[in-house]
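Colleague: Quick one, fold the following:
(4 chains, ligands or ions: 4)
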Amino acid sequence: MPAMTLSGAVRSALDVMLERDDSVVVFGEDVGYFGGVFRCTDGLQKKYGAERVFDAPIAEGGIIGAAIGMAAYGLRPVPEIQFADYVYPGLDQLISEAARLRYRSGAEFTAPLTVRMPCGGGIHGGQTHSQSPEGIFTHVCGLKTVMPSNPYDAKGLLIASIEDDDPVIFLEPKRLYTGPFDGHHDRPAVPWSNHPLGEVPEGHYQIPLASAAVRRAGEEVTVLAYGTMVYVAEAAANESGVDAEIIDLRTIWPLDLDTIEQSVRKTGRCVIVHEATRTSGFGAELSASVQESCFYHLEAPIERVTGWDTPYPHAQEWDYFPGPSRVAAALKRVMAA
Amino acid sequence: MPAMTLSGAVRSALDVMLERDDSVVVFGEDVGYFGGVFRCTDGLQKKYGAERVFDAPIAEGGIIGAAIGMAAYGLRPVPEIQFADYVYPGLDQLISEAARLRYRSGAEFTAPLTVRMPCGGGIHGGQTHSQSPEGIFTHVCGLKTVMPSNPYDAKGLLIASIEDDDPVIFLEPKRLYTGPFDGHHDRPAVPWSNHPLGEVPEGHYQIPLASAAVRRAGEEVTVLAYGTMVYVAEAAANESGVDAEIIDLRTIWPLDLDTIEQSVRKTGRCVIVHEATRTSGFGAELSASVQESCFYHLEAPIERVTGWDTPYPHAQEWDYFPGPSRVAAALKRVMAA
Amino acid sequence: MSEARPLRFLVPEPSARPGDKADFSYLPVPEAGSVRRPEVDVEPTDIRDLAYSLIRVLDDDGKAVGAWNPDVNADDLRRGLRAMVKTRIYDDRMLTAQRQGKTSFYMRCTGEEAIAVGQALELRVGDMCFPTYRQQGWLIAREWSLVDMMCQVYSNEKDRLHGRQMPIMYSSKEADFFSISGNLGTQFIQAVGWAMASAIRGDTAIASGFIGEGATAEADFHHALTFAHTYQAPVILNIVNNQWAISSFQGIAGGAGTTFAARAVGYAIPALRVDGNDYLAVLAATRWASERARGNFGPTIIEWVTYRASAHSTSDDPSRYRPSDEWESWPLGDPIERLKKHLIAIGEWSEEQHAELQADLDREVRAAAREAEGYGTLLDGRVADFKSIFEDVFKEMPQHLVRQRAQAEEAEEAGQCRQ
Amino acid sequence: MSEARPLRFLVPEPSARPGDKADFSYLPVPEAGSVRRPEVDVEPTDIRDLAYSLIRVLDDDGKAVGAWNPDVNADDLRRGLRAMVKTRIYDDRMLTAQRQGKTSFYMRCTGEEAIAVGQALELRVGDMCFPTYRQQGWLIAREWSLVDMMCQVYSNEKDRLHGRQMPIMYSSKEADFFSISGNLGTQFIQAVGWAMASAIRGDTAIASGFIGEGATAEADFHHALTFAHTYQAPVILNIVNNQWAISSFQGIAGGAGTTFAARAVGYAIPALRVDGNDYLAVLAATRWASERARGNFGPTIIEWVTYRASAHSTSDDPSRYRPSDEWESWPLGDPIERLKKHLIAIGEWSEEQHAELQADLDREVRAAAREAEGYGTLLDGRVADFKSIFEDVFKEMPQHLVRQRAQAEEAEEAGQCRQ
Ligand SMILES: Cc1ncc(C[n+]2csc(CCOP(=O)(O)OP(=O)(O)O)c2C)c(N)n1
Ligand SMILES: Cc1ncc(C[n+]2csc(CCOP(=O)(O)OP(=O)(O)O)c2C)c(N)n1
Ligand SMILES: [Mg+2]
Ligand SMILES: [Mg+2]
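Modeller: Ligands and ions are numbered 1, 2, ... in the order given. The predicted structure is shown next:
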């Protein structure tokens, strides 16, 4: 199987879907001739024509609103929001329209769109190129929210999202586009070609939504993570010597609660890691859900290791980023508890 | 002291602040000559002139964006969003601008605006006149979020919010505008004039932000609620016979965690009630925070009683609304646990 | 440079308030037939003046005059008249039902019937309407079942939307009528996206989006115009300027010293400004715009000048903010009266026939209401089963909703619901 | 009615792509001095044509001609020239610094210097600029400290923004320069709100908002025009049309067959379309718009026609999407060269003086850079203390942030930060 980067895997998924389904269209700011600021649509306009892959005006609300109209017509639009930090002008169309259309029309009209957007920090993007807004989407009934952590999942999950008949928010951790990243920014970057999950089939395949993956089996603590934090958690486990079981959610909502419950019932401990700000982030829902379903198995408080409740700073990026040593410390704390 | 409705108390707070501070301006859709669809600005344009109290175009993004510019100039704008369900077009200006301005400018520019909006159901408003989006605001660092449950608090909290130097989201439970409501929609409505907290001073006073109030002292369970749910919780406690301590958060964020901790350490049990959809609602943060700080005092799982994860239905409003019997059942469950 | 003078803040005020006499002097009304009719392939830049004129076909004597006079046979005109009258009777009946507590809310389109009715009859089956809550005339003109509409208003057991939506938030794919949103403006850019999709597929259907003059201030309006122009989408963008947005007059939406049609000029989208109470003008302007769209000449904006004769909704009381005599002083008259007068003038209609038509339709509407009420109303509580509120959030119900529905059922059995 | 033909979907393409020769035939350039100059109290409706013309003062021989020729003395012109040259040298220096890894990111305004510089010098102290990231010329024209700007770019210990913001996101209340946002468009409606506030208070300061032609598609643009018109706000709304928005040309933003100035027409806001590379035209148009605002005649829109000579940012590679010879074939030339030529033509400047000026400024900029680097760069990691990231989220730090800062300090002491 060929080695692909995560951006390459995204591109491959779009390529496969544009090829097999006429109703798939890809558009957004700079995605057409140029191929996207992260190259995720590179060459697709040339291959499928400007009717299928095209540039959009700089109006996230317009992009999503137009995509909803296209979806209502019967297409499967895959709009790109250039950075997740810029999705807010499109939130009204996502919350009030895409997420509600099936419900309010008694399923007469639906909005099968997949909104792609890079998220997360680690590239010195400052507060407007580093955000992780997944928590907001999970509060909106009618939306599904997905965040892959590797090229293999990225392709399979993106294909599953595009083929899903409901609106899906597809978040791509931009720091992972070119290689896995465990938070050790001072060490040389590793490419995907050295990573087993960097091997990606050329053709069509799905990773089903709402199914998590156990990345590392362990007995002592369950770590819930997604995106970049999966690698941070792995590094933390290795460096702390704590025998952690690391679950990569892959689909953030709907949640694969069964996999989580099984693990926490076994370990009796749970640490939740995300890059987004702490308060009312998705970690809060995870903590509440685990507490509700595993209360009598818990031997220590559930901990959250997250970004601080501040904007994502530019120069102090690595003070903000929840790195392996902060996660390792949490692992040791829950073991000591 | 005169009896006031909650809408009257809001109006009185605006009146007091327009009177004592030239920099206060009030505007929004239908708030000027007409006095607001819920009458909260009735007569204020006549009293203070159209320069201070005026109608705005139907553009929530424009209303909040303009308010930020006014605030940066040195005014204290108090824009109204006609229904909280319509705040989404303004979220980009709230999240990316109002909440970030002080931080990103090193405190050179600030945005002391107070955005008022009616929230919650109970008036057959269906999915676009019933929402409670407070959870989203609490995930945005830089915003404060307030929701009063009675006329006395409404006036004191609104004055405190307007005088606060940071942006405040001020949510008004529309079902409480005319009287307290405990969810027994089939019983005759009670007016505020019969309620002690319907007595409101004419003049200026503050209820400090970030301070909760214990509405009902109790020993067995701590109930965390705000807005309409405070009365639902009271009814549930009385009807279930469970000796619940009911805490009215008043300010949702920043949170008065001390008051909550004290109570939960005492009762060892906690039920959280809100009207918003469950997943990633503010109840998730409350559950996570209480679990983190009171883990060793908890004798039963923390429960959340909330709106279902569906849009707010029109005809089945009372199936959706978390009423006293659903809350009472939860109280009994945690006591039985 | 001039010395610094203090700045002034201006808030526009309507020409009249309660107590004043109605004053429409701000609205010049040109002669019927006085506006030229360009070819449909005209360059937008050559017809900027049409954004400031007012296309009218019916003159004061009920004669159809000028280049915009569509040749429509009398049967089609009677069909339009019938739909308009039926719409008005339907509205009045539903208002009464709301007063009787049979539903929670209602909105009439009184005085604006010609616009939605004319467009529904002029456009083709398969073209999609993206309406606001004031285009019920489209459904009625398309002979959509009144009973079905009423069941939605009553949120009863036969409501296809299962009582989820507020009254009047209709949805009918079969009648080419997109699901109405409670959020203003959102449908406008969606209409453009739908039209883009039709063009992308090389199909033939076009879209027609509606928005009120007040809601043109929303972002979606700007997005619709930008996208429609950039991609030359086959869409008709209708602005219904009924002078009021709840309590705020069209000047608050930015109408002072300009027109809403003129918003299109800067985007190089051709704009027509049309007498919305002139049924023939509605047909003619719609035909011109639809031929442009079908001929790949791109989008058209139409501002329909009309007046909201009734209250904004059953929650509104216009006597608080506008003169009571505005409707009777409205210079463009009543669309039903004007079409009736025209048909009589050309010898195709009579007062007797009209009275008969009204009586027939009144019977039809009452019969429909009786049938619909037979399926329940909000008053008698015969609404969709509460478990249905968990359906259609997603296509397949995810685990968390299955769990929540089960909890709701338990609560139901334990008598913990609805109290 | 015409039979149903398949619809076509159109996506606009620029006149030239890499490999092609640059082609600006879409941009007609009228003679300098050919556009009339109306009185500042003119009715917007009487000058709609100005939205489609191009106001130019400097002709090809560097002579200042026509009604828009502002009488500016040579000292003021030299002041402008100096600021423009300084801006360009500053940009080049910072680009080099970024290449050297001393900062993470940089954006130049090469070719667009006249606009921000001219406006900064024409408007009054106390008027507020709501900039995009391409108005650094304003700060330099206002003699703001280069060292202070560089410290922001380097995110070093002296950065007044404490390293929180990406490079070039300046903020300087003292220089009447509003905090730059990373989110496009938001400042445009804020500028209107600020101007409304000044009018509400009866003060005298006006606002000047900037936006790129690409970002005019955002909602904030529509809101700005709607609110500015409705309340007649004393604001200048500047659209900098530099032909490109990263990789998308102005046609994607909806510029085909129209102008961005023309967007104002429908809102009854007077619009000027101006040669943005003509320093004298910048002064003249700004003066006209500011006199309107100060005289309570309301807002003005100005489209500045210019060209983005450099890459969008240090993250961009224009050779992927546009011809390499566009800048040299740009019909409106280089603003610095044109002002220099004019000053020489009127005998107020010489090649020698210019060379000297460049050398002086080069020394000044290098000296500033040395000083700024002395306070640290992103490379040597001498940035604001990490604890400062918890400040200014709110005026007073709430409990949860006090707790989080304490946790961060513990982590720091335990060596758990930055890894
Ligand atoms: C986004 C949003 N903001 C506000 C409202 C509340 N609202 C409902 S109708 C209305 C007035 C609309 O006026 P207009 O667009 O002129 O339409 P008309 O009612 O006159 O047909 C308002 C403000 C809403 N439904 N949605
Ligand atoms: C809301 C938002 N969407 C997208 C972006 C990403 N972005 C940054 S600059 C830019 C292009 C802007 O072009 P234009 O407005 O013409 O300004 P210019 O760069 O040409 O000066 C884009 C798309 C952003 N910063 N904010
Ligand atoms: Mg209206
Ligand atoms: Mg540009």
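Colleague: Relative to ligand 2, how far out is the residue of the stretch 101-250 of chain A found nearest chain B?
Modeller: Proximity of the stretch 101-250 of chain A to chain B (CB to the nearest CB) peaks at residue A:139, 3.9 Å away. Yep, even glycine has a C-beta here, placed from its N, CA and C like the rest. Distance from residue A:139 to ligand 2, counting by CB to the nearest ligand atom, to the nearest Å: 22 Å.
Colleague: how much space is there between that residue and ligand 4?
Modeller: Counting by CB to the ion, to the nearest Å, the separation of residue A:139 from ligand 4 is 35 Å.
Colleague: Could you count how many residues lie near that residue?
Modeller: Counted with other CB atoms under 10 Å in any protein chain shown, the burial measure for residue A:139 works out to 25 neighbours.
Colleague: you'd agree it is up against residue B:277?
Modeller: Yes - look at residue A:139 against residue B:277 with CB atoms under 8 Å: they come within range, at 6.7 Å.
Colleague: Helices of chain A, start to end?
Modeller: If DSSP state H is used as the criterion, the helices of chain A fall at A:6-20, A:44-48, A:60-73, A:91-92, A:101-104, A:134-138, A:151-163, A:229-240, A:257-267, A:282-294, A:317-320, A:324-336.
Colleague: would you turn the ones you listed into CSV with mean neighbour count?
Modeller: Conversion of the helices of chain A to CSV gives the following (neighbours: other CB atoms under 10 Å in any protein chain shown):
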stretch, mean neighbour count
helix A:6-20, 23
helix A:44-48, 17
helix A:60-73, 30
helix A:91-92, 26
helix A:101-104, 26
helix A:134-138, 27
helix A:151-163, 26
helix A:229-240, 25
helix A:257-267, 19
helix A:282-294, 25
helix A:317-320, 22
helix A:324-336, 21
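Colleague: all helices of the stretch 51-200 of chain C, in order?
Modeller: Counting by DSSP state H, counting those that start in this stretch, the segments of the stretch 51-200 of chain C that form helices are C:74-99, C:113-122, C:136-141, C:146-154, C:186-200.
Colleague: looking at those helices, which is buried most?
Modeller: The densest packing among those, expressed as mean neighbour count by mean count of other CB atoms under 10 Å in any protein chain shown, is seen in helix C:186-200 with a mean of 31.
Colleague: need the next SSE after it, C-terminal direction.
Modeller: Toward the C-terminal end, the helix or strand that comes next after helix C:186-200 (DSSP states H and E) is strand C:207-212.
Colleague: what angle sits between that following strand and helix C:186-200?
Modeller: Between the axis of strand C:207-212 and that of helix C:186-200 there is an angle of 170 degrees, by axes from the mean of the first three to the mean of the last three CA atoms, to 10 degrees.
Colleague: on that earlier part again, tell me which of the helices of the stretch 51-200 of chain C lies nearest to ligand 4.
Modeller: Comparison of these against ligand 4 by CB to the ion identifies helix C:186-200 as nearest, at 22.5 Å.
Colleague: Name the nearest residue to residue 228, ignoring sequence neighbours.
Modeller: Since you didn't name a chain, this refers to chain A. With sequence-adjacent residues excluded and distances taken as CB to CB, 6 or more residues apart in numbering or on different chains, residue A:228 is closest to residue A:173, at 4.6 Å.
Colleague: That was the other one, I meant chain C.
Modeller: residue C:299 (3.9 Å).
Colleague: Count the residues that sit near the closest residue to residue A:152 other than its chain neighbours.
Modeller: Closest residue to residue A:152 in three dimensions, ignoring its sequence neighbours and counting by CB to CB, 6+ apart: residue A:197, at 4.5 Å. Residues near residue A:197, counting by other CB under 10 Å, number 19.
Colleague: Quick check: the gap between whichever residue of the stretch 51-200 of chain A sits closest to chain C and ligand 1.
Modeller: At 2.5 Å from chain C, residue A:69 is the closest residue in the stretch 51-200 of chain A, using CB to the nearest CB. The span separating residue A:69 from ligand 1 equals 18 Å under the rule CB to the nearest ligand atom.
Colleague: One more: residue A:40?
Modeller: Here residue A:40 is placed at a distance of 33 Å from ligand 1 (CB to the nearest ligand atom).
Colleague: again, but for residue A:215
Modeller: Taking CB to the nearest ligand atom as the measure, residue A:215 and ligand 1 are separated by 43 Å.
Colleague: Excluding residues flanking it in the chain, which one is nearest that residue?
Modeller: Here the nearest residue to residue A:215 in space, its sequence neighbours aside, is residue A:246; by CB to CB, 6+ apart that works out to 4.5 Å.
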